[in-house]
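Peer 1: Turn this into a structure:
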Amino acid sequence: MSKTSLRTTSRSLPIALLRARETVMGPVREMLADSGINEQKWRVLRVLDESGPLDQSLLAEKSCLQLPSLTRILRAMEEQGLVTRAMDPADRRRSIVSISEAGHTVIQDRADANRRLFDRLEAAYGKERMETLLDMLEDLNNTDFRG
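Peer 2: Residues are numbered from 1 along each chain as shown. Model prediction:
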């Protein structure tokens, strides 16, 4: 028996979110296994494909990566020819990142598999429940409870 008044781990939000993440990300990792990229690089490519060229700070935020980690990841992605970086002509301290043709190709090559994967998840979980879950997670993300 627990000696603390903490919630049980089976009802802990941080642990539940980690379990849910693994439920979703395991198949994504499998989809990416032969692509030469990992889930972090996939997120960067997806964000750039969707948003167009971005400042590194905004790219880090949108791809849910810490800026130092993104900087390291971008070096590898440049070496792979997946992205390009250029100085912002308006502010030479800023770096603007763009997806390359090779990066677009990675997205295109995996688009059908990604779509099928999430169609299966939506079919198993339910389309309406999925939309509700996404709305609830967005609401949670916008909640400030840090005091």
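Peer 1: Share the number of residues neighbouring L140, please.
Peer 2: By other CB atoms under 10 Å, 11 other residues sit near L140. C-beta here means a position set from N, CA and C on the backbone, and glycine is covered the same way.
Peer 1: That one should be in a helix, yeah?
Peer 2: Yes: in this structure, L140 lies within a helix as judged by DSSP: H, G, I helix; E, B strand; the rest coil.
Peer 1: Tell me how far it lies from L45.
Peer 2: With distances taken as CB to CB, to the nearest Å, L140 is found 26 Å from L45.
Peer 1: Mind listing residues that contact the longest helix anywhere in the chain?
Peer 2: Counting by DSSP state H, the longest helix found in the chain is helix 101-125. Applying CB atoms under 8 Å, 6 or more residues apart in numbering, the external contacts of helix 101-125 come out as 24, 27-28, 31-32, 35, 37, 42, 45-46, 48-49, 77, 80-83, 99, 130, 133.
Peer 1: Just the buried subset of these, please.
Peer 2: 28, 31-32, 37, 42, 45-46, 48, 77, 82-83, 99 (16 or more other CB atoms under 10 Å).
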